[in-house]
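**Q** Here is the input, now give the coordinates:
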Amino acid sequence: MSLQPLTQANLQNTVQIKMSNIIYIGYYFKVEPMQPGTEILIAELGYAGFESFVATDTGVTAYIQKDDWFDGVLNNIYVLTNNEFKISYTFDEIEQVNWNSEWEKNFNPIIVDSLCSVRAPFHEKPDTKYDIVIEPKMSFGTGHHETTHMMIQHILNNTFQNKSVLDMGCGTGVLAILAAFKGAKPVDAIDIDNWCYLNSVENAERNNAAHINVYEGDSRLLKNKNYDIIIANINRNILLKDIGVYSKCLNQNGQLFLSGFYNNDITIIEEECNKYNLKLQSKLERNNWIALEFKN
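**A** Next up is the predicted model:
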């Protein structure tokens, strides 16, 4: 795999092609208890090929392209058989979903530590030091999720001026954009999901941070790359697989920020980091989700 960032010139046509004439299957899940059941369900559905999620009063609605759907699409969604949760669902076929309309119904602006706002273009601009404007569409990372919120806090609490930064699993590009706002350069953002890739390019442009390099792919793109700071907000299993790769890319006295896992995962994450001389420096916790800082 090679590093080939998408240019803004062909982004609009690419998005329009992907959004037209697509038929989706919508699943309507009722989840008890809502937390952390809904979060676990969304994470597992994402790996099963579901592309978009809309929070509801009783659970979540999830969408998957009809071309990607098959009878056993939920067979590996283990939370459905977990006795700690009661989950029921129905599903039907939906043609040409207006994704912007869907997320606009549920997307409210947020402010983190009175310093950083994350909002949509149609929201009023708040009085914050850092104002990030995004249209998440079918990507993750609006700042509403606990892990993104905590990673924003980590960035706010640390020096990024003239630091080289990687945002791994960038989603909407929020964390890369905030790092750029704080003076980081260069900034790379990588996501394996094509929608996230396209959306991050668009959001970087929208926030006048077009110097962020956005790439589509996974950790194999990191060969011969080095950074002062690496941000990885993904999930436990991917983090455990790639921590060794991150350690090789991290400059001396570098910082590694990890999130996307729960409190009871701290031990296994820390043990893996210690194998590569990465030592725990700080921890943030929000509704049982965790964000850790390591240094080499």
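**Q** Helices along this structure, start to end?
**A** Counting by DSSP state H, one finds helices in the chain at the ranges 11-19, 34-47, 99-104, 146-156, 174-181, 194-206, 236-249, 266-274.
**Q** what about the residue nearest to residue 44 when sequence neighbours are not counted, how many neighbours?
**A** Nearest residue to residue 44, sequence neighbours excluded (C-beta to C-beta, 6 or more residues apart in numbering): residue 77, at 4.8 Å. All C-beta spots, glycine's among them, are computed from the backbone N, C-alpha and C. The number of residues packed near residue 77 is 20, by other C-beta atoms under 10 Å.
**Q** Likewise for the one 10 residues further on?
**A** Neighbour count for residue 87, taken as other C-beta under 10 Å: 19.
**Q** ok, it touching residue 42?
**A** No - with contacts counted by C-beta atoms under 8 Å, residue 87 stays clear of residue 42, the gap being 11.9 Å.
**Q** hang on, the earlier thing: among the helices of the chain, which is the most enclosed?
**A** Ranked by mean neighbour count, the helices of the chain are led by helix 174-181 with a mean of 26 (mean count of other C-beta atoms under 10 Å).
**Q** Give me the packing partners of that one, helices and strands only.
**A** strand 130-133, helix 146-156, strand 165-168, strand 187-191, helix 194-206, strand 227-233 (3 or more C-beta pairs under 8 Å, 6 or more residues apart in numbering; DSSP states H and E).
**Q** at 7 Å what do you get?
**A** Counting contacts by 3 or more C-beta pairs under 7 Å, 6 or more residues apart in numbering; DSSP states H and E, helix 174-181 packs against strand 130-133, helix 146-156, strand 165-168, strand 187-191, helix 194-206.
**Q** returning to that earlier point: report the separation between the residue nearest to residue 44 and residue 220.
**A** For residue 77, the distance to residue 220 (C-beta to C-beta, to the nearest Å) stands at 27 Å.
**Q** of all the helices of the chain, which lies closest to residue 287?
**A** With C-beta to C-beta as the criterion, residue 287 lies closest to helix 146-156 of the helices of the chain, at 5.1 Å.
**Q** low pLDDT regions in this structure?
**A** Scanning the chain for pLDDT under 70 picks out the ranges 1-22, 95-107, 136-144.
**Q** same thing but at 50, please
**A** Within the chain, the segments meeting pLDDT under 50 span 1-20, 139.
**Q** which helices and strands does the strand ranked longest in it pack with?
**A** The single longest strand within the chain, with elements called by DSSP state E, is strand 250-262. Contact analysis of strand 250-262 by 3+ C-beta pairs under 7 Å, 6+ apart lists helix 146-156, strand 227-233, helix 236-249, strand 289-295 as its packing neighbours.
**Q** count of residues packed around residue 224?
**A** For residue 224, the count of nearby residues is 6 (other C-beta under 10 Å).
**Q** Now do the longest strand of the chain and strand 289-295, the angle between them.
**A** With axes from the mean of the first three to the mean of the last three C-alpha atoms, to 10 degrees defining the directions, strand 250-262 sits at 170 degrees from strand 289-295.
**Q** can you list contacts of strand 250-262?
**A** For strand 250-262, contacts defined as C-beta atoms under 7 Å, 6 or more residues apart in numbering pick out 147, 150-151, 154, 158, 226-236, 239, 246, 269, 278, 288-296.
**Q** Name every strand pairing with that strand and say which way it goes.
**A** Paired strands of strand 250-262, with direction, are strand 227-233 (parallel), strand 289-295 (antiparallel) (DSSP bridges).
**Q** And these: which comes nearest residue 165?
**A** Comparing the strands paired with strand 250-262 against residue 165 with C-beta to C-beta, the closest turns out to be strand 227-233 (4.7 Å).
**Q** starting at the chain centroid, how far to the closest one?
**A** Computed by C-alpha atoms, centre = their mean, to the nearest Å, the chain-centroid distance of strand 227-233 equals 13 Å.
**Q** ok, back up a step: residues touching the residue nearest to residue 44, list them.
**A** By C-beta under 7 Å, 6+ apart, the contact list for residue 77 reads 44-45, 48.
**Q** Which single one of these is nearest to residue 126?
**A** Closest approach to residue 126 among the contacts of residue 77 (C-beta to C-beta): residue 45, at 32.2 Å.
**Q** what's the distance between the closest one and residue 53?
**A** Separation of residue 45 from residue 53 (C-beta to C-beta): 7 Å.
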